[in-house]
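Colleague: Give me coordinates for this.
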Amino acid sequence: MAKRTDAKSRALREQGALNASPQDVSDPLFHDSAFFDPLDLVQVKYEMLRRVQADGHPAAQAARGFGFSRPTFYQTQKAFQNGGLPALVHKRPGPRKAHKLSEPVLQFVDQQKAQDPALRPSDLCHRVQERFHISIHPRSLERALQRRQKGGR
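Modeller: Okay, here's the model as predicted:
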């Protein structure tokens, strides 16, 4: 049985559906049941919504019982109304770094600034667009250059 649980946990993690706080699920439905799994985030969220919709429990009480805040309940409810069960799967976050600003792009920006120190970030972004065919925001470029000066990248 432990192997099956490990395999299920691994599958849930890979799909973005592993509940990071299963210990916070206190609803009686998830105690002493092989079917109701507090590790399954989609199942936990669905049952929280069902508890309010079908059983008539207050949203705040249901949210607490399933380990969520009241605002999270309403976000989950809206996601479910707009996208059904698939909308309850956690979406992977986007890039955390300035992934478009690779070393060749930053070297090009450095060359452009050396030729004309008066260039604004928006001007540099236009030149990067022309040369590399990538669109970047001026503020992203400013941050990348600041990180470089500090020795971050």
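Colleague: contacts, neighbours, all on C-alpha from now
Modeller: OK.
Colleague: next structured bit after the helix or strand of the chain with the lowest mean pLDDT?
Modeller: Lowest by mean pLDDT, DSSP states H and E among the helices and strands of the chain is helix 2-14, with a mean of 79. Once helix 2-14 ends, the next helix or strand along the chain (criterion: DSSP states H and E) is helix 41-53.
Colleague: Just the CA coordinates for that next one, please, in PDB.
Modeller: Taking Å, rounded to 0.1, in the frame of the first residue of the first chain, the C-alpha atoms of helix 41-53 are listed here in PDB:
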ATOM      1  CA  LEU A  41      -5.500  19.100  -3.900                       C
ATOM      2  CA  VAL A  42      -8.100  18.900  -6.600                       C
ATOM      3  CA  GLN A  43     -10.200  16.500  -4.600                       C
ATOM      4  CA  VAL A  44      -9.900  18.700  -1.500                       C
ATOM      5  CA  LYS A  45     -10.900  21.800  -3.300                       C
ATOM      6  CA  TYR A  46     -13.800  20.100  -5.000                       C
ATOM      7  CA  GLU A  47     -15.100  18.700  -1.700                       C
ATOM      8  CA  MET A  48     -14.800  22.100  -0.100                       C
ATOM      9  CA  LEU A  49     -17.000  23.600  -2.900                       C
ATOM     10  CA  ARG A  50     -19.400  20.800  -2.600                       C
ATOM     11  CA  ARG A  51     -19.700  21.200   1.100                       C
ATOM     12  CA  VAL A  52     -20.900  24.800   0.600                       C
ATOM     13  CA  GLN A  53     -23.000  24.200  -2.600                       C
END
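Colleague: just checking, next helix/strand downstream of it?
Modeller: helix 59-65.
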